[in-house]
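Asks: make a model of this:
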Amino acid sequence: MSENPTEPRTPVLSGYPTVAEVLALDAVRQGNPRVVAGAAGLDRRVRWVHVTELTDVREILRGGELVLSTAIAWPDDRESLARYIADLAGLGAAGLVVELGRRYPQSPPKPLLLAAEKHRLPVITLGRDTRFVTITEAVHARIIDAQLAELRASEEVHQTFTELAVEGAEPAEVVRQISKMAGHPVVLENLAHQVLVYDATSTTEEALLDGWEGRSRAVRPATRTAYDERSGWLTTVVGARGQDWGRLVVVCDGVPAPAPSRLVMLAERGAATLALNRLMQRDRETLERQTHRTLLTAILNHAHSSSEISLRARAIGVRLDDKRLVGIVLRLRGHSSSLDYQSRLRELTDHAAAAVRDKRLAALIGAVDEHSVGLLLALGPQDREDAALENFAGTVRKLAGPDGGDFAIAVGTSVGAVRDARRSLLEAVQVADAAIRQTGGPSYHRLVDVRLRGLLHLLRDDARLQTYVERELGPLLAYDTERGTNLVAMLGIYLDQGRNKSAAADAAHLSRPSFYERLHRIERVLGVDLDSVESCLSLHVALLALEAVRNV
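Replies: Modelled structure (predicted):
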């Protein structure tokens with residue numbers, strides 16, 4: 001057996017009583033219990049009570065048992081007694097209760113007590129004759145009560161979140177309900193550690209959110225659901241269909257590990273509801289609109305051949321063959337976490353569809369992401385492109401009205417075949433990403449100078465881009481947060497100056513030795529060579545992506 005103190009091998013629900021709680025039961029107290037060894041393990045959970053006089057227990061215990069014995073059949077030699085205790089600890093037993101009088105009048109043998117102390121296995125003596133069946137009934141009743149409480153809690157959680165899922169509750173409502181049932185603040189964040197929705201409960205918003213990103217980066221769980229006792233955070237990943245997009249955090253300061261099973265169940269059920277509702281939000285469309293969106297997505301993702309796209313579009317009344325095809329993107333301004341954002345996006349889709357009908361145009365129309373409405377406009381040989389676009393843009397803005405016109409219209413270059421439609425749509429997406437930062441100007445925008453920054457800003461909500469930023473810059477961001485340094489900014493200055501160290505030192509207002517030392521520190525933290533062009537290129541892209549993710 002291992003020489004290190006042994007912990008129970010079998011995890012048990014936190015609702016089960018501890019050994020200390022069992023000792024407080026009347027049926028046990030009547031036996032005048034006394035802890036004679038292993039007091040450090042009194043917080044072990046008791047899953048069951050097992051009465052046995054045997055010391056060969058490897059085939060009869062499964063973990064979590066409180067073993068009762070009179071010791072009448074125990075061996076005499078110290079090695080066997082120590083091995084018995086080691087076996088109990090290794091099998092995950094909660095503790096050992098020995099009735100004095102039949103074998104040992106005063107106390108169990110010292111070798112047994114020393115072994116129990118080493119393994120932190122509680123050994124309790126009963127000074128009075130006690131019917132073991134009375135203890136067994138009392139403990140099992142306590143365990144059954146705990147199990148019933150767990151079941152009731154599980155049923156309450158299941159019913160609550162089933163109703164929220166059926167009603168299509170917004171993320172804010174789901175988070176609010178989790179916080180209410182948990183009695184702790186709850187935060188929903190994205191993969192870049194940015195807060196999407198939160199409920200502070202009795203905590204102030206400042207106390208909950210101040211320095212959130214840095215604190216969140218410091219909590220790196222090894223499993224999808226985990227409790228970090230140091231921070232008091234219970235975290236679980238949020239995602240569905242193999243795509244994770246966020247993390248739910250229950251801030252339960254002061255709760256000792258392991259986290260109560262009810263909190264774990266609550267967090268996981270809440271995360272599942274958030275993931276499900278996100279999928280449902282995307283599918284709240286008419287069948288016709290859903291078909292349009294599916295075709296647009298297929299064009300962007302190369303999911304179908306050009307001939308199949310043409311065939312399916314023709315089947316819903318949009319002829320793409322022998323047409324000039326123009327990709328158009330309508331991008332809303334604002335933050336997608338606001339409660340009315342999805343409603344605005346649906347209204348914008350309706351306005352775009354109405355404008356197409358009003359101007360007797362033909363187009364595929366549908367949401368292409370959480371921020372944008374996409375169109376593939378099909379123009380005939382008699383249609384003047386500029387006039388058609390001006391009429392469409394003017395009608396959409398008129399329908400949106402003064403209160404609903406906070407969006408940008410971006411247009412890609414027209415193409416002559418379905419196989420090239422993706423290029424026009426992607427160009428419109430890039431233009432929209434650049435145009436959304438501008439105010440005023442023309443009724444619609446063409447390609448000007450989107451380049452890399454615009455592309456990265458377009459992809460800022462993509463989990464793959466956020467993962468890339470974390471992989472490239474995560475250690476440096478964590479280092480700055482933990483030590484109050486500004487190495488990320490120094491890296492940006494160095495790269496912005498074309499890797500000219502002297503110019504970068506001047507731009508940073510530092511002496512060259514001080515700036516060079518910072519560069520060496522960056523290399524150590526990230527494990528990279530800043531003299532490598534490829535490494536610097538990758539880091540520069542990651543810095544630009546970090547700006548996009550933070551929406552700087």
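Asks: who touches stretch 105-124?
Replies: 5-7, 19, 23, 33-42, 44, 71, 78-79, 81-82, 84-86, 88-89, 93-98, 100, 125 (CB atoms under 8 Å, 6 or more residues apart in numbering). The C-beta positions use only the backbone N, C-alpha and C, and glycine is treated the same way.
Asks: ok, residue 125 touching residue 36?
Replies: Yes - taking contacts as CB atoms under 8 Å, residue 125 lies within contact range of residue 36: 5.4 Å.
Asks: so these two - more neighbours on which side?
Replies: Ranked by neighbour count (other CB atoms under 10 Å), residue 125 and residue 36 place residue 125 first, with 22 against 18.
Asks: quick one: that one from residue 104, how far?
Replies: 8 Å (CB to CB, to the nearest Å).
Asks: quick check, central residue of this protein?
Replies: For the chain, the residue sitting closest to the mean C-alpha position, by CA atoms, centre = their mean, is residue 247 at 1.9 Å.
Asks: doesn't it fall inside a helix?
Replies: No - counting by DSSP: H, G, I helix; E, B strand; the rest coil, residue 247 is not part of a helix but strand.
Asks: distance of it relative to residue 187?
Replies: Relative to residue 187, and taking CB to CB, residue 247 is found at 9 Å.
Asks: one more: residue 333?
Replies: 25 Å.
Asks: please say which of these two ends up with more neighbours.
Replies: Here residue 333 and residue 187 are compared on neighbour count by other CB under 10 Å; more neighbours surround residue 187, at 24 against 13.
Asks: now do the same contact list for the more buried one.
Replies: Contacts of residue 187 (CB under 8 Å, 6+ apart): 175, 195, 197-198, 208-209, 212, 248-249, 251.
Asks: cool, residue 257 as well?
Replies: Taking CB under 8 Å, 6+ apart as the criterion, residue 257 is in contact with 227, 229.
Asks: do that again at 10 Å, thanks
Replies: Each residue near residue 257 by CB atoms under 10 Å, 6 or more residues apart in numbering is listed here: 14, 227-230, 232.
Asks: with secondary structure and pLDDT as added columns, please give these in TSV.
Replies: Converted to TSV, those look like this (DSSP: H, G, I helix; E, B strand; the rest coil; pLDDT from 0 to 100):
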residue	secondary structure	pLDDT
14	coil	53
227	strand	92
228	strand	91
229	coil	87
230	coil	89
232	coil	91
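Asks: buried stuff in stretch 425-444?
Replies: 425-436, 444 (16 or more other CB atoms under 10 Å).
Asks: so which of the residues you listed are in helices?
Replies: 425-435 (DSSP state H).
Asks: among the residues you listed, which one lies nearest to residue 29?
Replies: Checking these against residue 29 by CB to CB gives residue 433 as the nearest, at 70.9 Å.
Asks: how near is the closest one to residue 452?
Replies: Residue 433 is 11 Å from residue 452, by CB to CB.
Asks: and what of residue 352?
Replies: The value you get for residue 352 to residue 452, if CB to CB is used, is 29 Å.
Asks: which of these two has more neighbours?
Replies: Neighbours were counted for residue 352 and for residue 452 using other CB under 10 Å; residue 352 has more, 24 against 12.
Asks: for the more buried one, give me its contacts.
Replies: 328, 330, 363, 365-366, 373-375, 392, 395-396, 399-400, 409.
Asks: and what of residue 213?
Replies: 189, 192-195, 477, 481, 550.
Asks: quick check, nearest of those residues to residue 487?
Replies: Using CB to CB, the contacts of residue 213 come closest to residue 487 at residue 477, 9.1 Å.
Asks: so that closest one touches residue 486, yeah?
Replies: No - the pair residue 477 and residue 486 fails to qualify as a contact (CB atoms under 10 Å) at a distance of 11.1 Å.
Asks: how far does the helix or strand containing residue 277 sit from the chain's center?
Replies: Under the criterion of DSSP states H and E, residue 277 resides in helix 261-282. Its chain's C-alpha centre and that of helix 261-282 lie 11 Å apart, by CA atoms, centre = their mean, to the nearest Å.
Asks: CA atoms of the following helix or strand past that helix as PDB?
Replies: Sequence-wise, the next helix or strand downstream of helix 261-282 (DSSP H and E) is helix 287-301. In PDB, the C-alpha atoms belonging to helix 287-301 read as follows (Å, rounded to 0.1, in the frame of the first residue of the first chain):
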ATOM      1  CA  LEU A 287     -39.800  27.600 -43.400                       C
ATOM      2  CA  GLU A 288     -39.200  29.800 -46.400                       C
ATOM      3  CA  ARG A 289     -36.800  32.100 -44.500                       C
ATOM      4  CA  GLN A 290     -35.000  29.000 -43.100                       C
ATOM      5  CA  THR A 291     -34.600  27.600 -46.600                       C
ATOM      6  CA  HIS A 292     -33.100  31.000 -47.800                       C
ATOM      7  CA  ARG A 293     -30.700  31.100 -44.900                       C
ATOM      8  CA  THR A 294     -29.700  27.400 -45.500                       C
ATOM      9  CA  LEU A 295     -28.800  28.200 -49.100                       C
ATOM     10  CA  LEU A 296     -26.800  31.300 -48.200                       C
ATOM     11  CA  THR A 297     -25.000  29.300 -45.600                       C
ATOM     12  CA  ALA A 298     -24.300  26.500 -48.100                       C
ATOM     13  CA  ILE A 299     -22.900  29.100 -50.500                       C
ATOM     14  CA  LEU A 300     -20.600  30.500 -47.800                       C
ATOM     15  CA  ASN A 301     -19.500  27.100 -46.600                       C
END
